[in-house]
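**Q** kindly return the folded structure for what I paste below:
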Amino acid sequence: MIALKKSIYHLLPSNGIGGVEAAAKSTKSLNHRLFTLDVHYLSKKKQSIGFKNNYKVIIPYIKSFYYLFSKEPSVIIASLWRSNLLAILYKLLRRKTKLVLFLHCPNNVHLIDRIVTNISAIIASEVWADSKATLNNRLNNLVLTDKNKKTRVISFITERLIPLPLKKCSPTFIYWGRLSPEKRIDEAISFFHQAYLKNKDCNFTIIGPDCGQKDKLMRLIYKLNLKDNIRIYDSMNIESIRQFSEKASFFLQLSTFEGMGMSVVESMQIGLIPIVTKVGEIKYYCSNSNSIEYTSNSAVLNRVFELIKNENDYQEMRQNAIKTWSKSPIYKEQITNACKELIDEY
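**A** All right, here's what the predicted structure looks like:
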């Protein structure tokens, strides 16, 4: 008798453009001999935290709940607190279903996140994370959790990117990612302004979805008279980002906190030198040999212009950045192996 394939669903709050969603899309409709894996979005659009007495916000979640019941998945992988809330309710009614808590951020975003994530950690069969930093930070902040629960870190490299052609180092900077407060893009603009005062040929390209910061950033750009040197673009895919990166030498990200830092990883793969605050997992893969740690404007500016003057040092650092990820596992491969082990244990 041939055993039926198990079904696995990866739940996400919305079909967004962040690193979590981008990685998940690479496993959409994955068909393995032992299981099928699909990605299900609770909502087509990102929702605010509060329901604001609007029943229309709740409807997609009710539909998703009934959808899961119709599919009867063997395993549910839940990313972010909204997905975990739905997964918890489903698990209470279908106890045989395995739940995987998938963590993507080293910190709780708010109290609801903390409560829901803690409950999910208690009843989950396994806990996955995008990095060791995320896993350690979040588990250490949870209560009533089995410290012996099986955990694993999933690589968030969705594909091996080909490095851009080698070019002469120049004071050209780029950033891609969310335009949100924790990314401190305003600080990056202030740093860029200091570089511009040293060299008027500086340019800074910013790419990403507006998370409530764009107007503030535009005002700062005009205040510093940088409108001809800084451009902000909406979200785009990595192929389009590559085209904008062809003229850049440095990737500039001064976040207050990060998990894996997927944009940083992508930038290193294509041969950009990251200028970063060493937070989250970044502090483990960025070093003085492959990146520049942001400590102060003056220190970083000195290092940037040293590399511009010394082409050999620049090329060596660029090559070190590329080599950092040359042999790293791919997200889809690790998800497939992790799901296979879950099914084998079913």
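**Q** low-confidence ranges, the chain, go.
**A** For the chain, residues meeting the criterion pLDDT under 70 lie at 1-3, 16-17, 44-57, 143-147, 346.
**Q** mind listing the strands for it?
**A** In the chain, the strands defined using DSSP state E lie at 6-14, 30-31, 35-43, 75-79, 98-103, 126-129, 150-153, 172-176, 203-207, 230-233, 250-253, 273-276, 292-293.
**Q** and the helices in the stretch 201-346 of the chain, which stretches?
**A** Secondary structure of the stretch 201-346 of the chain by DSSP state H, counting those that start in this stretch: the helices cover 214-223, 238-245, 262-269, 282-285, 297-309, 311-323, 331-344.
**Q** relative to strand 6-14, how tilted is the last one?
**A** Relative orientation of helix 331-344 versus strand 6-14 (axes from the mean of the first three to the mean of the last three C-alpha atoms, to 10 degrees): 130 degrees.
**Q** mind putting the strands of the chain in a markdown table, distance to Asp186 and mean neighbour count included?
**A** (Each C-beta comes from the backbone N, C-alpha and C, glycine too.) Listed next are those as a markdown table, based on distance: least, C-beta to C-beta, whole Å; neighbours: other C-beta atoms under 10 Å:
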| stretch | distance to Asp186 | mean neighbour count |
| --- | --- | --- |
| strand 6-14 | 26 | 22 |
| strand 30-31 | 40 | 13 |
| strand 35-43 | 30 | 19 |
| strand 75-79 | 29 | 26 |
| strand 98-103 | 28 | 24 |
| strand 126-129 | 29 | 23 |
| strand 150-153 | 32 | 16 |
| strand 172-176 | 12 | 23 |
| strand 203-207 | 11 | 22 |
| strand 230-233 | 12 | 18 |
| strand 250-253 | 12 | 26 |
| strand 273-276 | 15 | 24 |
| strand 292-293 | 19 | 18 |
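**Q** got a markdown table for these, with distance to Met262 too?
**A** Shown next, in a markdown table, are the strands of the chain (distance: least, C-beta to C-beta, whole Å):
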| stretch | distance to Met262 |
| --- | --- |
| strand 6-14 | 15 |
| strand 30-31 | 20 |
| strand 35-43 | 17 |
| strand 75-79 | 14 |
| strand 98-103 | 14 |
| strand 126-129 | 14 |
| strand 150-153 | 14 |
| strand 172-176 | 10 |
| strand 203-207 | 14 |
| strand 230-233 | 18 |
| strand 250-253 | 11 |
| strand 273-276 | 12 |
| strand 292-293 | 19 |
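**Q** closest to Ile282 out of those strands?
**A** Set against Ile282 and scored by C-beta to C-beta, the strands of the chain come closest in strand 273-276, at 5.5 Å.
**Q** in its sheet, what does the closest one sit against?
**A** In the sheet, strand 273-276 lines up against strand 250-253 (parallel), strand 292-293 (parallel) (DSSP bridges).
**Q** center of the protein, which residue is that?
**A** Central residue of the chain (C-alpha atoms, centre = their mean): Gly19, 3.5 Å from the mean position.
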